[in-house]
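Undergrad: got a predicted model here, sequence first, then my questions.
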Amino acid sequence: MVFTSLHFFVFFPLVCVLSYLTPARYRYITLLVASYYFYLNTKPIFLLLTAGITLSTYAFTRLMDATPNDDRKRKLMWCNVVLILLPLFFFKYFETINREVMQLMAGLNLSYPLPDNHWLLPVGISFYTFMAIGYTIDVYNEELEAEKNIGIVALFVSFFPLVLSGPIERAGNMLPQFRSPEKLAASNLSKGLKLMLWGYFMKLVVADRLGIYIDEVYSDTASHNGSSYLIAMTLYPFQLYGDLGGYSLIAIGAAKAMGFNVMMNFRRPFFSVSMSEFWRRWHISLITWITDYIYTPLSFSFRKHGKWGIVIALLLAFLISGIWHGASLTFVAWGLLQGIFLSVEAYTVKSRADFRHRFGLGKQAWFIALSCIFTFSLFAISQVFARSSTLSESFTVFAKLVSDHGNPYVDFSNLTIGLGFLALLMLSDFRDEFLPGKFRIFDNRSFAVRFLAYLAIFFCIVIFGVVSDQFIYFNF
Amino acid sequence: MKAFFLKLGVFVIAVVALMTLFMSQFGQYVDYFYGKFTTPAQHSLITGDSKSLSGLRPALFDEQLKGQFELPMFNYSFTMSQAVYGSCYLESIRRKLDPDTKNGLFILSVSPWMLSERPGDEVENGVFFESDMAPHNMRFPNMKPNPEYFLRNFNNFHFKAVFRQASRLHEDGWYEEHNVPNDERERAALHHHHEGLFRQQSKIWKPSGFRMQQLKKTVSFLKKHGTVVLLRMPSSANVNRIEDAYWQNFDSELQQVAKSGASYLNYAKSYQFPTFDGSHLDYDTATAFGKALCDTIRNFPSVKNKLPQS
């Protein structure tokens, strides 16, 4: 079941009602049953996987909590991390590695006993595995006590708004809420439904409409020229923002309507003046996870190398982020590129600050605008790797961008609608960024304005939305 | 809390009211199948894929064959994506047909593609790729309004289509295409596109004995309710070549099926009815073709010797 299916529009209100009808102390049971039913509707067999990860995480965290021996605790922590990473590795990376090894062996005229299997990737595995690992490490670091109720741990791993594509939540935030959930409140319902409505708008009207053009261009590298790729390359970050940003808002809104507060995943990323700022605003739950559980321990380990230690930690952290996104060289290249951008920024942070200070540029609107455009361009260029299916395809795209110009392919209808509503989305972000609290529409004091705004967005979704059950991040 | 639910209720009522108004005004442009499930059960049917969906206009048959069959005719064709002969389509036809029909006319448009197995089919296990699609997923195809269609097939709704109104579904099930290109280059591009599509699917799909058997069952069932015509509609020479290479004995196999109680009319190579894209007829050609078809049906001995019905 996905958020855009009709099934969900029946399921969600029903779960909301049942959840609030259940006494608070047993609410986790209702939500757990609902979450398992939700996940069952994707592919029933994969429920065994979430159940397995839950059991393993519950058992090892309880054992860690019980042992006073640090060394044993560390071993238990690593045991669980490795154990729950195995399915992720198997489903996500085994096939690619197997194929590469087979090709290599075939090239050397050697036989290879394993068949070339094609496994279906369990939806959301990268997300709930990371959530379970985060919880395990938090218990190991004694930042959290191990949860004694296995039902609550199971709900944390499988909570239906988050299970398919995050946000990658922390046990420290979610477990206390599951233990004592909030009472039914109109403000939660209202806020949650508004977030969901805007999320659907971002996903169905902006992302999927732009996606039609982008998919067409990337599906036929031979037929499209550099001008078409320039448009597709520029639009792709917006599509991603609408897709995962929209999905996240629906997830956060659904959780909010049921009385749970989930972390925001995006914060107007295209108004970032540097890549480091960009990564504090884009896919926040993943990046904070990587910062806390990979980058910080790594930079601590490499601290004796000074700035170079930070560079190595950044490169490794973003390499892992790239590999998390997908088992291909394109994502490795993408991750490394992010690491390089951030390393250069880290290395030049002082000289850039001096330069801005010297010429008084920090608050100049034109300089901020140029910095935003430059940051966006870096991200858009790096996304060519993420969007291409192979490394050679991405190099073809770059070659076309440089040399193959001409009239671009124009899908007038879809581009007009997509760009029109993208402008609306960007205006809304601009207002929140630079004019907070002003020109409120969804939160306007006048009921009539709010009512008309909701109706307008609803009909925009109905009329201009693309009916889709595909989310880009389901592949990750 | 009360105030919130009151406001939510007002919002839901406003949405439902506006949607109802919108659909009643523009529904025929928004979904090209919905109207097929909002009529009462029918006496005479056209079945098939997009060739017959846009190429066989029921009003023409009503006019040309008036008094000879239980009319009006209803076009229950869909597109190649979901309309294939098999147990699913047969069941849907059973539901769409008025069981009291004695003298109906049933035109079953056929092509090799509509009798093929394709990815998703496991016919030996009773698994059919089309089972989750309209019309096969509809238990109640004769209901107005039809909430079942809305619940099961919402994905087919294209609300944006009201702005272009490029196509329209008429009440008799005929799909009118307003977007037929006049420019020769555009037509050539469409021919090229369709030929590519057929070539591609001829590599992946395979002729199905099972579906041919099901077509035979469909003929046997419909024969009890009137006259059955198996019709192969005109195609371009290139498309015919692809289809002949794909299924060499297609015509002789259809003639065998026709022996179970139908007439087989093969117009595939009737190039006096040119298609605009390799397999679809434009309005004028479809009219000329429909008239020729009616002439042929009118001259069937079983029809000729029959007294006109009032």
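TA: Here it is on my side, so go on. Numbering: from 1, shown residues only, chains lettered A, B, ... in the order given.
Undergrad: neighbours of residue 75, how many?
TA: You didn't pick a chain, so chain A it is. 14 (other C-beta atoms under 10 Å in any protein chain shown). (Each C-beta comes from the backbone N, C-alpha and C, glycine too.)
Undergrad: right idea, wrong chain: chain B
TA: 28.
Undergrad: same thing with residue B:111?
TA: 24.
Undergrad: how is chain A divided into domains?
TA: Domain ranges of chain A: A:6-181, A:188-464, per automatic domain parsing.
Undergrad: the longest one near chain B anywhere?
TA: When you say that, I think you mean domain A:188-464. Yes: Domain A:188-464 is in contact with chain B by C-beta under 8 Å from any C-beta of the partner chain, via A:189-190, A:193, A:413, A:417, A:447, A:451, A:454-455, A:458-459, A:462-464.
Undergrad: can you flag the buried ones in those residues?
TA: A:189-190, A:193, A:417, A:454, A:458-459, A:462-464 (16 or more other C-beta atoms under 10 Å in any protein chain shown).
Undergrad: just put these in CSV and tack on secondary structure.
TA: Shown next, in CSV, are those (DSSP: H, G, I helix; E, B strand; the rest coil):
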residue, secondary structure
A:189, helix
A:190, helix
A:193, helix
A:417, helix
A:454, helix
A:458, helix
A:459, helix
A:462, helix
A:463, helix
A:464, helix
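Undergrad: max pairwise distance over these: which two?
TA: The distance between the two most remote of those (C-beta to C-beta) is 30.8 Å, for A:189 and A:417.
Undergrad: quick one: the strands in the stretch 101-250 of chain B?
TA: B:104-109, B:116-117, B:167-169, B:175-177, B:206-207, B:226-232 (DSSP state E, counting those that start in this stretch).
Undergrad: most tightly surrounded among these?
TA: Neighbour counts (mean count of other C-beta atoms under 10 Å in any protein chain shown) averaged over each of the strands of the stretch 101-250 of chain B peak at strand B:104-109, with a mean of 25.
Undergrad: mean confidence for it?
TA: Mean per-residue pLDDT for strand B:104-109: 97.
Undergrad: mind checking how far that strand is from the chain centre?
TA: Between the centre of strand B:104-109 and the centre of its chain there are 11 Å (C-alpha atoms, centre = their mean, to the nearest Å).
Undergrad: give me the residues contacting stretch B:289-306.
TA: With contacts defined as C-beta atoms under 8 Å, 6 or more residues apart in numbering or on different chains, stretch B:289-306 is touched by B:55-57, B:60-61, B:64-65, B:68, B:103, B:105, B:107, B:227, B:229, B:231, B:233-234, B:263, B:265, B:267, B:270, B:273, B:281.
Undergrad: please indicate which of those residues are buried?
TA: Buried among the contacts of stretch B:289-306 (16+ other C-beta under 10 Å): B:55-57, B:60-61, B:64-65, B:68, B:103, B:105, B:107, B:227, B:229, B:231, B:233-234, B:265, B:267, B:273, B:281.
Undergrad: where does the prediction get shaky in chain A?
TA: A:111-119, A:468-476 (pLDDT under 70).
Undergrad: point me to the residue sitting farthest from the middle of chain A.
TA: residue A:109 (41.7 Å; C-alpha atoms, centre = their mean).
Undergrad: tell me how far that residue lies from residue A:100.
TA: 17 Å (C-beta to C-beta, to the nearest Å).
Undergrad: which of the three states applies to the residue nearest to the spatial centre of chain B?
TA: Centroid check for chain B by C-alpha atoms, centre = their mean gives residue B:77 as the closest residue, at 1.0 Å. Three-state assignment for residue B:77 (three-state DSSP): coil.
Undergrad: what sits against it?
TA: B:46-53, B:56, B:83, B:109, B:173, B:175.
Undergrad: residues near residue A:264, how many?
TA: Around residue A:264 there are 15 residues (other C-beta under 10 Å).
Undergrad: nope, residue A:367 is what I meant
TA: Count around residue A:367 with other C-beta under 10 Å applied: 15.
Undergrad: touching, it and residue A:355? I think so.
TA: No: Residue A:367 is beyond contact range of residue A:355, at 10.6 Å (criterion: C-beta atoms under 8 Å).
Undergrad: joint contacts of those two?
TA: Contacts common to residue A:367 and residue A:355, judged by C-beta under 8 Å, 6+ apart, are residue A:361.
Undergrad: can you confirm residue B:45 is in a strand?
TA: Yes: the assignment for residue B:45, made by three-state DSSP, places it in a strand.
Undergrad: for it, give me the pLDDT.
TA: Looking at residue B:45, the pLDDT reads 97.
Undergrad: now do residue B:190
TA: Reading off the model, residue B:190 has pLDDT 88.
Undergrad: looking at the stretch 151-300 of chain A, which residue is nearest chain B?
TA: Scanning the stretch 151-300 of chain A for proximity to chain B using C-beta to the nearest C-beta identifies residue A:186 as nearest, at 3.7 Å.
Undergrad: quick check: closest non-adjacent residue to whatever residue of the stretch 1-150 of chain A ends up closest to chain B.
TA: Nearest to chain B, among the residues of the stretch 1-150 of chain A, is residue A:6, at 5.3 Å (C-beta to the nearest C-beta). With sequence-adjacent residues excluded and distances taken as C-beta to C-beta, 6 or more residues apart in numbering or on different chains, residue A:6 is closest to residue B:154, at 5.3 Å.
Undergrad: assign a three-state SS to the closest residue to residue A:285 other than its chain neighbours, would you?
TA: Computed as C-beta to C-beta, 6+ apart, the closest residue to residue A:285 that is not its neighbour in sequence is residue A:167, at 3.7 Å. Recorded secondary structure, residue A:167: coil (three-state DSSP).
Undergrad: contacting residues around residue A:167?
TA: Residue A:167 neighbours (C-beta under 8 Å, 6+ apart): A:248, A:251-252, A:262-265, A:284-285.
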